[in-house]
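**Student:** whatever this is, show me its structure:
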Amino acid sequence: MTGLDEVITQVHREEWARVVATLARRLGDLDIAEEMAAEAFATAVERWPADGVPPNPGAWLTTTAHRKAVDRLRREVKREDKHREALMLADTPQPLGAIDDDRLRLVFTCCHPALAMEARIALTLRMVGGLTVPEIARAFLVEEAAMSRRITRAKEKIKAARIPYGVPFRDDLPARVTGVLTVLYLIFNEGYLSSTPGKDPVRGDLTAEAVRLTRLVHALLPADGEVTGLLALMLLTDARRTARVSATGELVSLDEQDRGGWDGTLIAEGHALVRERLAAGEAPGRYQILAAINAVHTDTRDIRDTDWSQIVALYDQLVRLDPSPIVRLNRAIAVAELDGPQVALAEVEGLPLSAYHAFHATRAELLRRMGRSAEAREAYARAIELSGNSGETAYLIRRRDQLAG
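**Tutor:** As a prediction, this is how the structure comes out:
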């Protein structure tokens, strides 16, 4: 790949979602927005080799795509309609409402309450979050084709119902914040453990952006317990990032991590946020409980000092709020430390997670601890087959190969 090709590829990765979302807001049509953005990138491939890369590639692409959209309308509509459409597309200033950050504003804009929750989350992840359809499908544990149809239906509903891409104001935020938090959580998760083969095991660009945006939401809604909880969860998780990957690129499990390499500043901030929510005396939500679990994990310098009974008790609270198979799987991992692998395996076996790599990795570890090596090897093999993360795959291969027979 040439140097210019690399530049264009990098610009595409960084600017595609923003350009499409900006155009969609102006045009009210996501399909046309994507088509015009693609044409703008094609024009860049033709012109940048001769003209050079512009100082602000994103603005250049947005302007070029906007002009192409205007030209298209002029060709396709009658003379009486052209003036009205041109006014609709005019780049007039719009009120910023309560949100000053461009990307966060687009996240809130796309998380429109007229769409079903899963549809608005998937659409926002695709259009603004920059995640691919396969990455989104893996986050929802559904087939890629099913996720593609879900996103397409969301676009069609926006078009058919003429849902406006209006900038939300402060009064609009509570109705949209649940979807926004889920979007930010899933972006963070994709960065924390990349699901795409060929990408870095941990993507600091995604985790950093998710943390940045969540800080902004917290500034907007400081009294919202779940916003505070999500920020605390991200900080306590991201504090361990540099210790999670070895020099050879293999993921390092929690029990093997060098806790001296954890970021003490982020841990202190995360613990303070958890204590803030405890002092509020309100019933905790999902993110607050997850943050509390991570606070327990990061409260000791030796894993042998971990209070597993407290972690299991917190998972019991979480299961009452969210009895999903993944939550129950994570609870079983903690149960294994408290009551032993046999008790945990009995809870794991019935979970409907046969397509989820972490289910098989968990079974493998439990079977390993019980001395059932042949079954553990089979479970490792299935986890390796399903894992898309190179670092995790390397870890699973090493664990499997350590087994006798």
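**Student:** so which strand or helix has Ile293?
**Tutor:** Using DSSP states H and E, Ile293 falls within helix 286-297.
**Student:** which helices and strands does that helix pack with?
**Tutor:** The contact analysis (3 or more Cβ pairs under 8 Å, 6 or more residues apart in numbering; DSSP states H and E) places helix 286-297 against helix 225-238, helix 264-280, helix 308-321. Bear in mind the C-beta positions are built from the backbone N, C-alpha and C, glycine included.
**Student:** show me where pLDDT drops low in the stretch 51-200 of the chain?
**Tutor:** Low-confidence segments of the stretch 51-200 of the chain, defined by pLDDT under 70: 70-98, 161-167.
**Student:** which residues in it form strands?
**Tutor:** Taking DSSP state E, counting those that start in this stretch as the test, none of the stretch 51-200 of the chain falls into strands.
**Student:** just the helices in it please.
**Tutor:** Along the stretch 51-200 of the chain, counting by DSSP state H, counting those that start in this stretch, helices occupy 57-76, 79-89, 102-110, 117-127, 133-140, 144-161, 173-192.
**Student:** tell me the angle the shortest one makes with helix 117-127.
**Tutor:** Spelled out, that is helix 133-140. Relative orientation of helix 133-140 and helix 117-127, computed by axes from the mean of the first three to the mean of the last three Cα atoms, to 10 degrees: 140 degrees.
**Student:** surely Trp308 is in contact with Ile333?
**Tutor:** No. Trp308 is beyond contact range of Ile333, at 10.0 Å (criterion: Cβ atoms under 8 Å).
**Student:** who has more neighbours, those two?
**Tutor:** Just comparing Trp308 and Ile333: by other Cβ atoms under 10 Å the higher neighbour count belongs to Ile333, 20 against 16.
**Student:** skipping adjacent residues, who's closest to that one in space?
**Tutor:** Distances taken as Cβ to Cβ, 6 or more residues apart in numbering place Thr362 nearest to Ile333, at 6.1 Å, with adjacent residues excluded.
**Student:** export the helix or strand that contains Arg368 to CSV, keeping only CA atoms.
**Tutor:** Assigned by DSSP H and E, Arg368 belongs to helix 357-369. This file holds the C-alpha atoms of helix 357-369, laid out as CSV (Å, rounded to 0.1, in the frame of the first residue of the first chain):
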residue,chain,number,x,y,z
HIS,A,357,-16.5,-18.0,22.6
ALA,A,358,-16.4,-16.9,26.2
PHE,A,359,-18.8,-19.7,27.1
HIS,A,360,-16.5,-22.3,25.8
ALA,A,361,-13.4,-20.7,27.3
THR,A,362,-15.1,-20.6,30.7
ARG,A,363,-16.1,-24.3,30.4
ALA,A,364,-12.6,-25.1,29.4
GLU,A,365,-11.1,-23.4,32.5
LEU,A,366,-13.6,-25.1,34.8
LEU,A,367,-13.0,-28.5,33.3
ARG,A,368,-9.3,-28.0,33.5
ARG,A,369,-9.5,-27.2,37.2
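**Student:** ok, Glu118 touching Met147?
**Tutor:** No. Look at Glu118 against Met147 with Cβ under 8 Å: they stay out of range, at 9.7 Å.
**Student:** overlap of the contact sets of these two?
**Tutor:** Counting by Cβ atoms under 8 Å, 6 or more residues apart in numbering, the common neighbours of Glu118 and Met147 are Phe140.
**Student:** of those two, who's got more company?
**Tutor:** Remark: of Glu118 and Met147, Met147 carries more neighbours, 23 against 15, as counted by other Cβ under 10 Å.
**Student:** give the contact list for the more buried one.
**Tutor:** 122, 133, 136-137, 140.
**Student:** thank you kindly, that will do.
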